[in-house]
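Trainee: Model the structure of this input:
(chains A and B)
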Amino acid sequence: MGEIQALRGTRDILPEEVGYWQQVETRARDILFKAAYREIRTPIFEQTELFERGIGEATDVVGKEMYTFCDRGDRSITLRPEGTAGVVRSLIEHSLYTQGGVQRLWYTGPMFRYERPQAGRQRQFHQLGVEVLGSADPRADVEVIAIATNILQALGLKNLHLDINSVGNLEDRQAYRQALIDYLTPYKDELDPDSQDRLSRNPLRILDSKDKRTQEITQNAPSILDHLGTYSRQHFDKVQQLLTDLGISYQLNPRLVRGLDYYTHTAFEIQSDDLGAQATVCGGGRYDGLVAQLGGPETPAVGWAIGLERLILLLQQLQQPTLPSVDFYVVSRGDAAQDQALVLAQKLRQAGFSVDLDLSGSAFKKQFARADRSGAIACLILGDEEAANQTVKLKWMASKEQSAIPQAELLTNIEELRSQLHRGEGR
RNA sequence: GCGAGCGUAGCCAAGUGGUUAAGGCAGAGGAUUGUGGUUCCUCCAUUCGUGGGUUCGAGUCCCAUCGUUCGCCCCA
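Mentor: Residues are numbered from 1 along each chain as shown, chains lettered A, B, ... in the order given. Model prediction:
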């Protein structure tokens, strides 16, 4: 039909659906406010180098998924593929780390990754994320996890499960990586082709391969948890103890590996049973090295991001779309009446009512049918007769009761009208 | 980047080589030239994503292309 369509992997959020988004935003905003997190809004594009250095050049996100282009000044620009790098850049740029010990921040907005779309995955998608910067305390890890579960729970989501793991610090991971390579190398020919490739590049990823034979082989592979140093071990034990104290159930998953280079220690994912292959609703973890990596002072940090499209997919399974309705629907026919109707609508809106004004000028019958569908509590009717004597008919949709009143009187007692409206609503 | 399925009106769809492309919802007009979730009538695709091919004849078969869906990779 129309030649121009939304680009692949992008889509319109139409009025019928937007209620879900508003619901998520208000719920989350409230919960984050109560936990003393402050919103931060950073640009949607950044210097390409920020993501290359922050996320890691070897990752798929940087290697093949970024929307990168040159602007007219010949700078390399990238549409942000995730939110953390921009927040950290901002923290450093504005020296936010000097304002007291810990920064608790949250953000939301569109992210961009050049990938093949599928269920729960688009090229432009939206995340809501939090970052706690400046604390290495395991309580920070658990606090962010708790906030994520609060948000998901407040929205009434079910069938979610939390997986946690520790990937330790850099030394732990290097030692483990070698142990894993030593274990897997004898089986190299039996691994699936992707995993053979990963053996040298990113062996930890082999652990969550979906290939059956590969899974059998990794069944007896060494566990990262046996390669954690004392500090990492203690940190992770504390995280688990605190989760238990808060009554948050979790599953220990030593195969859980997060994709971005900056993660250290705690890694976690919240997955849903009710999504397709892309089941992760929330993913996050600790990233103690990132701030320094990007040129700031050594600053431990932990955070997560929720994929809002996936969240809303789940919400839609639970709830009917909400149809917004209005207090008054104004029906009018005839030049003078239609003009007066506009004036009346304006005054009612200024008085705080919600008013839908029919602009069609079509037969009353049609206008009433639309009024009915709009869900309005009452109709205001202006025709030639009313226009001539400056009145308006007020009709309660549920009871079909109707009376004529002078236009000037309609607004003289707002409170009376408002309470009538509530009664009219009940009928 | 790879694999598989699908593409008929704003939406849901019938149609599986043979004259004018069912039906439903939504929409417009009317029966009721000022009154609504009911009823009835009328209208609403020179055309089946696009381009090419096979055929006397194609929405229906073939090829290409674009789009879309699901999966792989990867991630939220």
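Trainee: show me the contacts for the nearest residue to residue A:191 once chain neighbours are set aside.
Mentor: Excluding the flanking residues, the one nearest residue A:191 by C-beta to C-beta, 6 or more residues apart in numbering is residue A:214, at 5.3 Å. In short, each C-beta sits where N, CA and C put it, glycine included. The neighbourhood of residue A:214, defined by C-beta atoms under 8 Å, 6 or more residues apart in numbering, consists of A:190, A:191, A:192, A:195, A:206.
Trainee: and the last one, which of the three is it?
Mentor: Right, residue A:206. For residue A:206, the assignment made with DSSP: H, G, I helix; E, B strand; the rest coil gives helix.
Trainee: What pLDDT is listed against the residue lying closest to it once chain neighbours are set aside?
Mentor: Nearest non-adjacent residue to residue A:206, counting by C-beta to C-beta, 6+ apart: residue A:195, 4.5 Å away. Reading off the confidence values, residue A:195 has pLDDT 88.
Trainee: separation between residue A:195 and residue A:180?
Mentor: According to C-beta to C-beta, to the nearest Å, residue A:195 and residue A:180 sit 11 Å apart.
Trainee: Quick check: neighbours shared by the two?
Mentor: Common neighbours of residue A:195 and residue A:180 are listed as residue A:206 (criterion: C-beta under 8 Å, 6+ apart).
Trainee: Find the closest residue to RNA strand B in chain A.
Mentor: Proximity of chain A to RNA strand B (C-beta to the nearest atom of the strand) peaks at residue A:259, 1.2 Å away.
Trainee: wait, doesn't that residue sit right on residue A:58?
Mentor: No: with contact defined as C-beta atoms under 8 Å, residue A:259 does not reach residue A:58; the gap is 10.5 Å.
Trainee: before we move on, the earlier item: figure out how far the helix or strand containing the residue nearest to residue A:206 is from the centre of its chain.
Mentor: Remark: residue A:195 resides in helix A:193-201, with elements defined by DSSP states H and E. Remark: helix A:193-201 is offset 33 Å from the chain centroid, using C-alpha atoms, centre = their mean, to the nearest Å.
Trainee: send the alpha carbons of that helix over as PDB?
Mentor: C-alpha atoms of helix A:193-201 as PDB (Å, rounded to 0.1, in the frame of the first residue of the first chain):
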ATOM      1  CA  PRO A 193      30.600 -25.700  14.800                       C
ATOM      2  CA  ASP A 194      29.700 -22.400  16.600                       C
ATOM      3  CA  SER A 195      31.300 -23.700  19.800                       C
ATOM      4  CA  GLN A 196      34.400 -24.900  18.100                       C
ATOM      5  CA  ASP A 197      34.800 -21.400  16.900                       C
ATOM      6  CA  ARG A 198      34.200 -20.000  20.400                       C
ATOM      7  CA  LEU A 199      36.800 -22.300  21.900                       C
ATOM      8  CA  SER A 200      39.600 -19.900  21.100                       C
ATOM      9  CA  ARG A 201      37.600 -16.700  21.000                       C
END
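Trainee: which helices and strands does that helix pack with?
Mentor: For helix A:193-201, there is no helix or strand it packs on, judged by 3 or more C-beta pairs under 8 Å, 6 or more residues apart in numbering; DSSP states H and E.
Trainee: Give me the buried stretch members for the very next helix or strand once past that helix, please.
Mentor: For helix A:193-201, the following helix or strand on the C-terminal side (DSSP H and E) is helix A:212-218. Within helix A:212-218, the residues that count as buried by 16 or more other C-beta atoms under 10 Å are A:214, A:217, A:218.
Trainee: same check, this time on stretch A:45-57
Mentor: Applying a neighbour-count criterion of 16+ other C-beta under 10 Å, one finds A:45, A:46, A:48, A:50, A:51, A:52, A:53, A:54, A:55, A:56 buried in stretch A:45-57.
Trainee: ok, which residues in the stretch 1-150 of chain A are in contact with RNA strand B?
Mentor: The stretch 1-150 of chain A comes close to RNA strand B at residues A:1, A:5-9, A:11, A:59-61, A:65, A:82, A:113, A:115-122, A:125, A:127, as judged by C-beta under 7 Å from any atom of the strand.
Trainee: hang on, the earlier thing: surely the residue nearest to residue A:206 touches residue A:210?
Mentor: No: between residue A:195 and residue A:210 there is no contact under C-beta under 8 Å: 10.0 Å.
Trainee: Would you confirm that residue A:88 contacts residue A:292?
Mentor: No: applying C-beta under 8 Å as the test, residue A:88 and residue A:292 come out as separate, 10.0 Å apart.
Trainee: Looking at the two now, which is surrounded by more residues?
Mentor: Taking neighbours as other C-beta atoms under 10 Å, residue A:88 and residue A:292 compare with residue A:88 leading, 28 against 13.
Trainee: Can you tell me the SS state at that one?
Mentor: Three-state call for residue A:88 (three-state DSSP): helix.
Trainee: who's in contact with it?
Mentor: By C-beta under 8 Å, 6+ apart, the contact list for residue A:88 reads A:54, A:131, A:133, A:290, A:291, A:294, A:296, A:301.
Trainee: The second one: which element?
Mentor: Element membership of residue A:131, judged by DSSP H and E, is strand A:124-133.
Trainee: Helix or strand next in line after that strand, which one?
Mentor: Following strand A:124-133 in sequence order, the next helix or strand is helix A:138-154 (DSSP H and E).
Trainee: mind giving me the domain split of chain A?
Mentor: A:15-169+A:229-318, A:328-422 (automatic domain parsing).
Trainee: got a pLDDT number for the residue nearest the centre of chain A?
Mentor: Closest to where the C-alpha atoms of chain A average out (C-alpha atoms, centre = their mean) is residue A:308, at 3.1 Å. Predicted confidence (pLDDT) for residue A:308: 96.
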